[in-house]
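Peer 1: mind looking at a prediction? Sequence and model below.
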Protein chains: 2
Amino acid sequence: MSSDLTTGRLSVYLRCLNYLEQEGVETVSSQELAEKFHLNSAQIRKDLACFGEFGTRGVGYNVNRLKAQLVHTLGIDRKRNVLIVGAGNLGMALADYRGFNSTGFEIVALVDIDPEKAGRASRSGIPVKPYSRLAEVVRENAAEIGVIAVTPESAQEVHDALVAAGVLAILNFAPVQLRTQPRVKVKTVDLRINLESLSFFLKNIEDGTL
Amino acid sequence: MSSDLTTGRLSVYLRCLNYLEQEGVETVSSQELAEKFHLNSAQIRKDLACFGEFGTRGVGYNVNRLKAQLVHTLGIDRKRNVLIVGAGNLGMALADYRGFNSTGFEIVALVDIDPEKAGRASRSGIPVKPYSRLAEVVRENAAEIGVIAVTPESAQEVHDALVAAGVLAILNFAPVQLRTQPRVKVKTVDLRINLESLSFFLKNIEDGTL
């Protein structure tokens, strides 16, 4: 259950359950989930069975209970503090991104190498602190997740500094492969995949297969 | 073959093949791909068979040929022009994001509602034009993909303007569900999924299951 593809599916199921909950739906079968959200029902049953969720034959899964189980499994039933390194356009955008600063996560600070930026804040009020104080900022704020929003050239150095400060989980937006350590998880965000997915759609229109 | 999860896997396979090509690897089996990149070998065979790629028993897939096939399938063997709406922190960051402005894609312009921003450019030189000229900018640049990097409150209006201008594929960074039309593909980027994946990793450490 450790592959990113699987974890991604758990998040997708959670989004679906949030939606069903808002709609007032109380139970849902794997077939209904699959049809409504264009998923694979066998895959859903297999993924959920890993957490002891088997549903009830002829009834399906209880939406509230399954949602609570997924929230627990993903470890977001408690708050995790996030530090963003790099207060450029991307760092500032992420600091104010609603999905980052909500249930389960809190952006505690940005740090930046530019001394001019220290003392400022993002639009939503996240403070910018000097990069030289990274280790203290991590410790004082009990930051568990570090976000790398710097140039590709600086990303490895920032990774190393975060790991040295005790951060075990890193979200990297720089388009480079980072060397990491066995006990550390680095997830590199590849925004290009989204454009490829749209290109695939346009190609299918062009080919007349859609 | 139209689900986003499947298209995402094709992009993942393409990343793996790019890497293998750089390493000078000429052939690869589905088992090797699966082991090296933590994927599922049965899933790989099934996905690739959809495009008539079956590999050769005992030898595997030809890396160059399979890569060319995936590039073709994803429709990125020709350039697709991209327009970004919103020249705030996020829009500017995306305009200069290396993965966006490379093989298969070209960011042709940003547009922004703020007249003060028109005439400026991103760090890498992508020009900012007035939002009032959106339809002309789409036409003049033959933009096929629109990126929404505005506030959640403005996202639906921007979507509608892009569709009215003839854009069929939209990448939405605003954390809202957009109402769209049958012939249009809207992909909403959910950056939070990446944080959930890291939280899942930290939870497994805490539980001693990693």
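Peer 2: That came in fine, so what should we check first? Numbering: from 1, shown residues only, chains lettered A, B, ... in the order given.

Peer 1: how about the top strand by length along chain A, does it get close to chain B?
Peer 2: Criterion DSSP state E: the longest strand present in chain A is strand A:105-112. Yes. Using CB under 8 Å from any CB of the partner chain, strand A:105-112 comes into contact with chain B via A:Phe105. Any C-beta I mention is one placed from the backbone N, CA and C, and that applies to glycine too.

Peer 1: so where does A:Leu83 fall, helix or strand?
Peer 2: Applying DSSP states H and E as the criterion places A:Leu83 in strand A:80-85.

Peer 1: which helices and strands does the helix or strand following that strand pack with?
Peer 2: Once strand A:80-85 ends, the next helix or strand along the chain (criterion: DSSP H and E) is helix A:89-95. Judged by 3 or more CB pairs under 8 Å, 6 or more residues apart in numbering or on different chains; DSSP states H and E, the packing partners of helix A:89-95 are strand A:80-85, strand A:105-112, helix B:89-95.

Peer 1: and of these, who's closest to A:Ala161?
Peer 2: For A:Ala161, the closest of these is strand A:80-85, at 7.9 Å, according to CB to CB.

Peer 1: using CSV, write out every CA atom in the closest one.
Peer 2: Listed next in CSV are the C-alpha coordinates belonging to strand A:80-85 (Å, rounded to 0.1, in the frame of the first residue of the first chain):
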residue,chain,number,x,y,z
ARG,A,80,0.4,18.6,10.4
ASN,A,81,2.4,21.8,10.2
VAL,A,82,3.9,22.8,6.8
LEU,A,83,6.9,25.1,6.1
ILE,A,84,7.4,26.6,2.6
VAL,A,85,10.9,27.3,1.5
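
Peer 1: ok, A:Thr103 to B:Ser199 distance?
Peer 2: 11 Å (CB to CB, to the nearest Å).

Peer 1: go on, A:Arg139?
Peer 2: Counting by CB to CB, the gap from A:Arg139 to B:Ser199 is 20 Å.

Peer 1: next one: A:Ala149
Peer 2: Using CB to CB, A:Ala149 is found at 19 Å from B:Ser199.

Peer 1: ramachandran angles for A:Gly166?
Peer 2: phi 100, psi 10 (degrees, to the nearest 10).

Peer 1: chain neighbours aside, what residue packs nearest to it?
Peer 2: A:Val138 (6.4 Å; CB to CB, 6 or more residues apart in numbering or on different chains).

Peer 1: neighbours of the closest residue to A:Asp96 other than its chain neighbours, how many?
Peer 2: Residue nearest to A:Asp96 in three dimensions, not counting chain neighbours: A:Ser124, with 4.6 Å by CB to CB, 6+ apart. Neighbourhood size, A:Ser124 [other CB atoms under 10 Å in any protein chain shown]: 12.

Peer 1: do I have it right that A:Ile205 meets B:Glu144?
Peer 2: No. A:Ile205 lies out of contact with B:Glu144 (CB atoms under 8 Å); the separation is 10.1 Å.

Peer 1: so for the two, which sits in the more crowded spot?
Peer 2: More neighbours surround B:Glu144 than the other of A:Ile205 and B:Glu144, with 21 against 14 (other CB under 10 Å).

Peer 1: picking that back up, between A:Arg139 and B:Ser199, who's got more neighbours?
Peer 2: Between A:Arg139 and B:Ser199, B:Ser199 has the larger neighbour count (other CB under 10 Å), namely 25 against 12.

Peer 1: for A:Val186, see how far away that one is.
Peer 2: Distance of B:Ser199 to A:Val186, given as CB to CB: 14 Å.

Peer 1: do A:Lys129 as well
Peer 2: Distance, A:Lys129 to A:Val186, using CB to CB: 23 Å.

Peer 1: need the helices for chain A, in chain order.
Peer 2: Along chain A, counting by DSSP state H, helices occupy A:4-22, A:30-37, A:41-49, A:63-73, A:89-95, A:134-140, A:152-164, A:192-206.

Peer 1: just say which of those is most tucked in.
Peer 2: Most buried of the helices of chain A, by mean neighbour count (mean count of other CB atoms under 10 Å in any protein chain shown): helix A:89-95, with a mean of 25.

Peer 1: so what sits against both of A:Ile205 and B:Glu144?
Peer 2: When contacts are counted by CB atoms under 8 Å, 6 or more residues apart in numbering or on different chains, A:Ile205 and B:Glu144 have B:Leu168 as shared neighbours.

Peer 1: can you put the helices of chain A in a markdown table and add mean pLDDT and distance to B:Arg98?
Peer 2: Formatted as a markdown table, these follow (pLDDT from 0 to 100; distance: least, CB to CB, whole Å):
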| stretch | mean pLDDT | distance to B:Arg98 |
| --- | --- | --- |
| helix A:4-22 | 86 | 21 |
| helix A:30-37 | 88 | 32 |
| helix A:41-49 | 88 | 33 |
| helix A:63-73 | 93 | 34 |
| helix A:89-95 | 95 | 12 |
| helix A:134-140 | 98 | 25 |
| helix A:152-164 | 97 | 7 |
| helix A:192-206 | 92 | 9 |
